[in-house]
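# Take a look and give me a structure for this.
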Amino acid sequence: MPDKSARQSNHPIDAVIAWVDGSDPRLAEKRNLYLEEAKRTSQHGVQSSFFASSNEIRYCVLSILTFAPFVRNIFIVTDGQDPNLNEDIKTYFPGKADTIRIVDHKEIFRGYEQYLPTFNSTSIESMIWRIKDLSEDFVYFNDDVFLIRDHQPGDWFINNRPVLRGKWLLPPYRKMVGNYIKTVINVYLRKNPGYWPKLSFYLRQWNAASLLGMKTRYFFHCHTPHALNRIRLENFFTENSALLEKNIANRFRNPDQYIMISLANHLEIKDGNRHIEKLNLGYLHPYYSKKRMERRIKRCKNDPGIKSICAQNLDMFGSEMREKIFDWMDKVLDLRER
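Coordinates of the predicted model:
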């Protein structure tokens with residue numbers, strides 16, 4: 001294990017957050033127009049929960065400023081929206097306002113404007129490396145990921161190479177076979193030619209790994225802060241522009257897409273990056289029982305090895321549990337005492 005000094009990054013590190021407020025009437029109207037045109041209202045990946053916002057972005061940004069103060073800039077990627085965090089930044093982090101910038105989809109899709117508007121987070125993630133003035137080393141966040149303990153640059157980059165957090169898995173053959181059987185039954189027996197199997201986080205990561213020649217296993221990641229190298233992504237997509245364009249051509253999620261984060265991880269591994277570490281994440285899901293959720297939160301509070309959490313689909317939590325999570329984050333971030 002390298003010593004602490006060797007683990008530090010001497011490059012600037014930026015953060016990128018993808019965010020959408022699905023309750024915005026303007027955006028909802030635009031989305032519904034394309035849903036109607038595509039006749040996809042019953043398909044997976046278009047439900048309101050994929051676009052809902054419960055003010056997660058506030059805690060995501062404030063947690064980065066609190067627990068990773070070395071981050072140079074925070075870029076919030078969105079479609080003509082503004083999370084209105086100015087007062088919070090002014091109150092809790094005066095002097096940091098100029099380090100936060102709203103990035104419109106038009107910026108990252110420059111040259112590919114024909115694929116806008118897009119309502120597909122997989123497509124948007126594929127383009128974040130194109131943010132103007134983005135640092136070579138950057139960390140990508142979903143807006144429902146919050147830091148809960150102090151971070152150092154070495155948590156994300158070692159000797160300026162991304163730290164990959166996840167685990168090796170065998171190819172998801174079971175899901176592939178299951179999807180094939182479901183498709184045959186629905187398309188040919190039930191005469192539903194527009195049927196698509198449910199999107200799989202595993203399969204779309206496998207799609208990325210298989211594109212790069214992985215045959216016997218793949219590196220699986222969870223919803224955690226993702227350390228990425230902009231130059232490596234830029235070089236790959238410059239040489240493989242057709243793969244990029246294919247992945248961003250769908251306005252809504254498609255099971256044939258690959259997840260860019262997985263592609264980036266496998267590019268690192270193929271280039272010799274062996275900085276692979278365990279997840280340091282706590283995962284909170286609305287389908288957990290109240291007791292299970294309380295156990296998860298308690299573990300996050302007590303386990304110093306857990307440095308971030310993902311509170312997925314906060315809009316689907318009951319109001320009591322949602323407020324409990326927000327109250328906890330207020331205490332973690334020391335917001336009530338400032």
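# If I look at Pro287, what pLDDT would I see?
That one is not Pro; residue 287 is Tyr. Tyr287 is assigned 86 on the pLDDT scale.
# Tell me if I am right that it is in a helix.
No - read with DSSP: H, G, I helix; E, B strand; the rest coil, Tyr287 is coil and lies in no helix.
# Can you report how many residues lie near it?
Counted by other CB atoms under 10 Å, the residues lying close to Tyr287 total 10. Every residue, glycine included, has its C-beta placed from N, CA and C.
# cool, Phe70 as well?
12.
# same check, this time on Ala28
Around Ala28 there are 14 residues (other CB under 10 Å).
# what's the answer for Ile13, then?
21.
# List the beta-bridge partners for it.
Asp137 (DSSP bridges).
# just Ala18 next, same as before
Under the criterion used here (DSSP bridges), Ala18 is bridged to Val77, Asn142.
# Phe237 against Lys246, yeah?
No - with contacts counted by CB atoms under 8 Å, Phe237 stays clear of Lys246, the gap being 11.3 Å.
# who has more neighbours, those two?
The residue with more neighbours, out of Phe237 and Lys246, is Phe237; 20 against 15, by other CB under 10 Å.
# On the three-state scheme, the nearest residue to that one once chain neighbours are set aside is what?
Closest residue to Phe237 apart from its sequence neighbours, by CB to CB, 6 or more residues apart in numbering: Leu244 at 4.5 Å. Secondary structure state of Leu244, per three-state DSSP, is helix.
# What is the neighbour count of Leu244?
Residues near Leu244, counting by other CB under 10 Å, number 20.
# That one and Glu125: what is the separation?
Distance, Leu244 to Glu125, by CB to CB, to the nearest Å: 12 Å.
# cool, Arg292 as well?
29 Å.
# higher neighbour count, the two?
Neighbour totals were compared for Arg292 and Glu125, and Glu125 leads with 24 against 12 (other CB under 10 Å).
# Enumerate every residue touching that one.
Going by CB atoms under 8 Å, 6 or more residues apart in numbering, Glu125 touches Ala18, Tyr140, Ile259, Met260, Ile261.
# what about 6 Å?
Glu125 sits next to Met260 when contact means CB atoms under 6 Å, 6 or more residues apart in numbering.
# what about the nearest residue to Tyr112 once chain neighbours are set aside, neighbour count?
Distances taken as CB to CB, 6+ apart place Ile248 nearest to Tyr112, at 6.3 Å, with adjacent residues excluded. Ile248 is flanked by 23 other residues according to other CB under 10 Å.
# Look up how far Ile57 lies from the spatially closest residue to Ile231 that is not a sequence neighbour.
With CB to CB, 6+ apart as the criterion, Ile231 has its nearest non-adjacent residue at 5.4 Å, and that residue is Glu136. Separation of Glu136 from Ile57 (CB to CB) stands at 25 Å.
# more crowded one of those two?
Under the criterion of other CB under 10 Å, the comparison of Glu136 against Ile57 puts Ile57 first, with 23 against 17.
# so that one sits right up against Asp143, yeah?
Yes - counting by CB atoms under 6 Å, Ile57 does reach Asp143; the two are 4.5 Å apart.
# got any residues that touch both of these two?
Trp19.
# shaky segments in the stretch 201-338 of the chain?
336-338 (pLDDT under 70).
# Do a quick rundown of the helices in it.
In the stretch 201-338 of the chain, the segments counted as helices under DSSP state H, counting those that start in this stretch are 201-211, 230-239, 241-248, 260-270, 290-302, 319-332.
# next one: the stretch 51-200 of the chain
56-67, 86-92, 105-108, 121-125, 173-184.
# Of those, give the one that comes closest to His226.
helix 121-125 (9.3 Å; CB to CB).
# Using CSV, write out every CA atom in that closest one.
The C-alpha coordinates for helix 121-125 follow below in CSV (Å, rounded to 0.1, in the frame of the first residue of the first chain):
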residue,chain,number,x,y,z
SER,A,121,-29.5,9.9,-17.8
THR,A,122,-27.4,7.2,-19.5
SER,A,123,-27.0,9.5,-22.6
ILE,A,124,-26.2,12.6,-20.5
GLU,A,125,-23.6,10.7,-18.4
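# Give the residues shared as contacts by Phe237 and Lys246.
Common neighbours of Phe237 and Lys246 (CB under 6 Å, 6+ apart) do not exist.
# sorry, back to before: so can I have TSV of the helices of the stretch 51-200 of the chain showing mean pLDDT?
Shown next, in TSV, are the helices of the stretch 51-200 of the chain (pLDDT from 0 to 100):
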stretch	mean pLDDT
helix 56-67	96
helix 86-92	95
helix 105-108	98
helix 121-125	96
helix 173-184	93
